[in-house]
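Trainee: Mind looking at a prediction? Sequence and model below.
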Amino acid sequence: MFCNDRVLLLCGLSALLISCGCNDSGTHSNYVPPEQSGEDPGDAASADAAPQIAATENVATDGPSTEQDGTATKGVVVFQPGPDAQKQVLEELILAEPGTVFQFEEGVFHFTDGLSLTVDNVTIRGRGMDKTVLSFKQQEAGAEGLYITSNRVTVEDLAIEDTKGNAIKSLKADDIVYRRVRTEWTGGPLATNGAYGIYPVSSNNVLIEESVAIGASDSGIYVGQSKNVIVRNCRAAFNVAGIEIENCHGADVYGNEATNNTGGILVFDMPDLPQQKGHDIRVFKNKVFDNNTQNFAPKGNIVGTVPTGTGVMVMANSNVEIFENDIRDHGTTNMLLVSYLVANIEIKDPNYYPYTEKIHVHNNTFGPCGNKPAGAGGMLIQAVLSTPIPDVVWDGVVNPEKVVDGKLATDAGISVRGNSKDEGEVTFASLGGLASLADPANAGPDRNIANYAEVFPSIEPVVISGVE
Amino acid sequence: MDSILRRFRYPAIAILFAATFCCSGLLFVTSSAIQADASTSSGAADATDGRPVSIDHKADPARVISTYKLFKDPRHQIPNEGVVPYDLNTPHFADYATLHRFLWMPKGSSCEYRPNGELEYPVGATIILTVGYTGDFRDPNLAEHILETRLWIRKTDGWIGTQYIWNDDTTEATLSLTGKHVDVSWIHSDGTDRHHTFRMPNRNQCLQCHEINDRVVPLGPVHARYLNKSYSYSHGSENQLEHWAKIGYLTGLPENKDERPRVAVWNDRATGDLNSRARAYLDMNCSSCHRPGGIAFTSGLDLTFDQSEPVRFGIFKAPVAAGRGTGNGRFVIEPGHPEKSIMMVRLQSTDPGVRMPVVGRGLMHAEGVELIREWISQMDYADMAEDQAKIDSRASAGLEAFRKMKGEFNSEAATKED
């Protein structure tokens, strides 16, 4: 009558799965993301996995506590895959002491319940993102695979696969680090996949680095309503949005590769939320190419409006600097800058600022784009501009209060200067505002890039204490 | 019990837990929680001997529930002296479990009445909730399978929540941090056989609902309006607030009954209109998370009873991070269209990635779903609907114009990604 029998049964099942699980982990069933085949991080890193871990600063032993950076390290709890793993992991995470390192050993761990952590200063560590897999294919409860609500937590060197909802969510979790974490839905890009891969929200000082996010039906890496954010050297593929920075104040997104998503890198702001008016975002030195996966977001989500084949997209943010990126091979456009007004949802929030202002696009390299616009957004843009759609498209919607004597205040506009293109000139168009979208036949787009050569001051880098 | 004790292998864990939780002013059951006094844990004899309740709010939580002497007869949830049963006008849905609620206060202390806002309970006050399943919903007198009892003890610096899981004989319940899954069966009110795995939440799951503004709080008897109802006590029927006042548990209750607010009973049309009943239901089931300071505050959706701004409680509110939880709906609530409203998708689903609430519900609450369906069906926010329709028509006008300009326009591709 009690569920122990049932758990045992499931665990028995898990044991069977685990025996063949190691073979499973690398192959992702019948779906193999093309970009992954040649550069599977696990292949290269496997031999060095242990020494790498030993070299990291937070390592601890079962011996007495050691003092490091003023933070006591309390010991290592080791998890081996197997029939008892779920119960053990759930309990240990609940009972965690601050300072504990949870070491997940190599193999596939199967969970039917979501994991959660509420204790500060904890490290959750695997043996490599393709060696240690936390699989939630059989998940029965929990809106996330791993849910973190405490501060100073590090998650590193492991993978979370096939969760029913989000893969990892951290809420009000300051000073969180995601390092060499892979989140993936192994069946490929499907609307039935969970929304977000790596999902920190409402947090200060967020670092996500060298991580991989594949198959999210919303965003692979999504940082929401946070302050002081760094997303660097990550790879996002086959998500609707590769990397999305939403309602954030201060974010550096650099050195990432976003490919085969619907949209590569998004910087958005949404109404009716506790933290709004996203600003001071830098997107630089990223490789953003071939994001042409048909939009598979469930309808109703804002990313469902992202036109398939978009490289970088900014919506309703202020002071965004996009520079030294390599952006190419997008069916709709390499870069789309829009106000929230194009989302076609009435704004009821008096505190919301729907305009995209002071967007500084400079020194990027563009490749081909704009020959195969898609989605309603792509169609509307095509209606105004025809194909090929330019490298940079701005909706031209401005805050009327910032127009004086027919002239837009300089810091309320956009700047596109010093960019280059493989062949020919960088192309640009302003759609000329919402009127153009409602009546494309009589639209008045402005294609003269020279009208948008304002120089905005550079944005200060994000600084997170202790992060180089 | 062994499995619980086995967990506390770190000698320092108690101190660390205390440090973790006390600093933010919150307390929840922790390993420090284990009362060292084993002499009181002798089980059934103590639990049923009828001696007065013994709750020392300064002590760590007891290892076994019998220490507190709350029940004369736990199997039938007969409370000891001073442990007062109560009920709520609209309770939360807990997978069709029966919820037994009690309140105890130390001698001489009382709760001060407030017409609005949260009641302030005195130090030592203890709120008790027992979860059980009756075998046949058509016959409430039949034996009940008692699963767990949750206690909220008001300590000097805030509430502490604890969970006790009963043994098979309902003679003793043991402190738990990790919850438990139990298979339960019953005959439903419609005569059908039902089976379910009830998930007693673990400590972290408890916190998902019970942590608000970084403080741990109880959720049941928080507002007087939920308590303002009659209850069938063993001595007869009486208004709960009046009974509490009579026995000294409540001070400041206004003489005039009309001055005491009362929330509607979600499934009793005589107690309030559709809107009142629906809002009470959402308040009790959703608002511990969906409020400023709750864990779902990042969604911007506020389902507290007093929220009066339509978009804040979902009317034409776009989702933020709903993922496939939208079920293809554009808005949390689209007035007049429950079939297009995300709220309905969330309430009807049992999929862990879609369902709401995320903790505490594994079954669909058919009757609650019908209430919300009716509420949304009959809603009329004509002005907001008109504004949204204008925006929609502007968008479709552009596509329509484009369709006319270009014969080759692929409308199917466009709508698919609209």
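Mentor: Noted; the coordinates are in hand.

Trainee: Count the residues that sit near the residue of chain A at minimum distance from chain B.
Mentor: Closest to chain B within chain A is A:Ala195: 2.4 Å, counting by CB to the nearest CB. (Glycine included, C-beta is placed from N, CA and C.) When counting by other CB atoms under 10 Å in any protein chain shown, one arrives at 31 neighbours for A:Ala195.

Trainee: How about B:Trp266?
Mentor: Residues near B:Trp266, counting by other CB under 10 Å, number 26.

Trainee: Relative to B:Pro310, how far out is it?
Mentor: Remark: distance between B:Trp266 and B:Pro310 (CB to CB, to the nearest Å) = 20 Å.

Trainee: ok so, going back, these two touch, right, the residue of chain A closest to chain B and A:Ala213?
Mentor: No: between A:Ala195 and A:Ala213 no contact is recorded; they are 11.7 Å apart, counting by CB atoms under 8 Å.

Trainee: Please parse chain B into its domains.
Mentor: If the domains of chain B are taken from automatic domain parsing, they occupy B:2-259, B:269-377, B:389-416, with pieces of a single domain joined by a plus sign.

Trainee: What residues does the residue nearest to the spatial centre of chain A make contact with?
Mentor: Geometric centre of chain A, nearest residue: A:Ile221, 1.7 Å, by CA atoms, centre = their mean. Residues in contact with A:Ile221, defined by CB atoms under 8 Å, 6 or more residues apart in numbering or on different chains, are A:Gly197, A:Ile198, A:Ile208, A:Ser211, A:Ala213, A:Val231, A:Cys234, A:Ala236, A:Gly242, A:Ile243, A:Glu244.

Trainee: now B:Arg138
Mentor: Taking CB under 8 Å, 6+ apart as the definition of contact, the neighbours of B:Arg138 are B:Ile187, B:Ser189, B:Gly191.

Trainee: wait, is it part of a helix?
Mentor: No: using DSSP: H, G, I helix; E, B strand; the rest coil, the secondary structure at B:Arg138 is coil, not a helix.

Trainee: picking that back up, please name the residues that touch the residue of chain A closest to chain B.
Mentor: Taking CB under 8 Å, 6+ apart as the criterion, A:Ala195 is in contact with A:165-166, A:216-219, A:222, A:301, B:321-325.

Trainee: And these, which is closest to A:Pro350?
Mentor: Each of the contacts of A:Ala195 was scored against A:Pro350 by CB to CB, and B:Ala321 proved nearest at 22.6 Å.

Trainee: In three-state terms, label the closest one for me.
Mentor: B:Ala321 carries the three-state label coil when classified by three-state DSSP.

Trainee: and if you look at B:Cys206?
Mentor: B:Cys206 carries the three-state label helix when classified by three-state DSSP.

Trainee: Leaving out chain neighbours, which residue sits closest to it?
Mentor: Closest residue to B:Cys206 in three dimensions, ignoring its sequence neighbours and counting by CB to CB, 6 or more residues apart in numbering or on different chains: B:Gly161, at 6.0 Å.

Trainee: So that neighbour is in contact with B:Arg215, correct?
Mentor: No: counting by CB under 8 Å, B:Gly161 does not reach B:Arg215; the two are 11.3 Å apart.

Trainee: Pick out whichever of those two has more residues nearby.
Mentor: Taking B:Gly161 and B:Arg215 together and counting by other CB under 10 Å, B:Gly161 has the greater number of neighbours (22 against 15).

Trainee: And the strands in the stretch 201-350 of chain B?
Mentor: In the stretch 201-350 of chain B, strands defined by DSSP state E, counting those that start in this stretch lie at B:211-212, B:215-216, B:230-233, B:236-239, B:250-251, listed in chain order.

Trainee: Pairing partners for the second one, with directions?
Mentor: Using DSSP bridges, strand B:215-216 pairs in its sheet with strand B:211-212 (antiparallel).

Trainee: Can you name the residues in contact with the partner strand?
Mentor: With CB under 8 Å, 6+ apart as the contact definition, strand B:211-212 has outside contacts at B:Leu26, B:Val217, B:Ser288, B:Arg291, B:Gly293, B:Gly294, B:Ile295.

Trainee: I'd like these written out as JSON lines, with neighbour count, pLDDT and distance to B:Arg361 added.
Mentor: Formatted as JSON lines, the entries for those read as follows, by neighbours: other CB atoms under 10 Å in any protein chain shown; pLDDT from 0 to 100; distance: CB to CB, whole Å:
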{"residue": "B:Leu26", "neighbour count": "22", "pLDDT": "37", "distance to B:Arg361": "24"}
{"residue": "B:Val217", "neighbour count": "18", "pLDDT": "90", "distance to B:Arg361": "20"}
{"residue": "B:Ser288", "neighbour count": "26", "pLDDT": "94", "distance to B:Arg361": "13"}
{"residue": "B:Arg291", "neighbour count": "20", "pLDDT": "95", "distance to B:Arg361": "18"}
{"residue": "B:Gly293", "neighbour count": "14", "pLDDT": "91", "distance to B:Arg361": "21"}
{"residue": "B:Gly294", "neighbour count": "22", "pLDDT": "93", "distance to B:Arg361": "16"}
{"residue": "B:Ile295", "neighbour count": "22", "pLDDT": "92", "distance to B:Arg361": "15"}
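
Trainee: Would you check which pair of those residues lies furthest apart?
Mentor: In terms of CB to CB, those reach their longest pairwise distance at B:Leu26 and B:Arg291, which sit 16.8 Å apart.

Trainee: Tell me who's in contact with the residue most central in space within chain B.
Mentor: Within chain B, one residue has its C-alpha closest to the average C-alpha position: by CA atoms, centre = their mean, that is B:His92, at 4.9 Å. If a contact means CB under 8 Å, 6+ apart, then B:His92 has B:Leu219, B:Met284, B:Asn285, B:Gly360 as its contacts.

Trainee: can you redo those residues as TSV with distance to B:Ser232?
Mentor: Written out in TSV, the entries for the contacts of B:His92 read as follows (distance: CB to CB, whole Å):
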residue	distance to B:Ser232
B:Leu219	24
B:Met284	21
B:Asn285	25
B:Gly360	27
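
Trainee: Among those, which one has the most neighbours?
Mentor: Counting neighbours by other CB under 10 Å, B:Asn285 leads these with 26 neighbours.

Trainee: Which residue, other than its chain neighbours, is closest to that one?
Mentor: Residue nearest to B:Asn285 in three dimensions, not counting chain neighbours: B:His92, with 5.0 Å by CB to CB, 6+ apart.

Trainee: can you confirm the one you found is in a strand?
Mentor: No: the assignment for B:His92 by three-state DSSP gives coil, which leaves it out of any strand.

Trainee: State the mean pLDDT of the longest strand along chain B.
Mentor: Ranked by residue count, the top strand of chain B under DSSP state E comes out as strand B:144-155. This predicted structure assigns strand B:144-155 an average pLDDT of 96.

Trainee: That one pairs with which strands, and in what direction?
Mentor: Going by DSSP bridges, the partners of strand B:144-155 are strand B:126-134 (antiparallel), strand B:158-166 (antiparallel).

Trainee: How far off centre is that strand?
Mentor: Its chain's C-alpha centre lies 13 Å from the corresponding centre of strand B:144-155 when counted by CA atoms, centre = their mean, to the nearest Å.

Trainee: quick one, helices of chain B?
Mentor: Listed from the start of the chain, chain B has helices (DSSP state H) covering B:2-6, B:13-22, B:44-47, B:203-210, B:224-227, B:240-246, B:274-286, B:342-348, B:366-377, B:382-405, B:411-416.

Trainee: do the same with chain A
Mentor: Assigned helices in chain A, in chain order: A:4-27, A:34-37, A:41-45, A:49-55, A:85-94, A:375-385, A:434-438 (criterion: DSSP H).

Trainee: can you count the residues close to residue 345?
Mentor: Chain wasn't specified; assuming chain A. The number of residues packed around A:Ile345, counting by other CB under 10 Å, is 21.

Trainee: meant chain B, my bad for not saying
Mentor: Around B:Val345 sit 25 other residues, with neighbours defined as other CB under 10 Å.

Trainee: cool, B:Thr156 as well?
Mentor: Counted by other CB under 10 Å, the residues lying close to B:Thr156 total 8.

Trainee: which ones are touching it?
Mentor: B:His57, B:Lys58, B:Val123.
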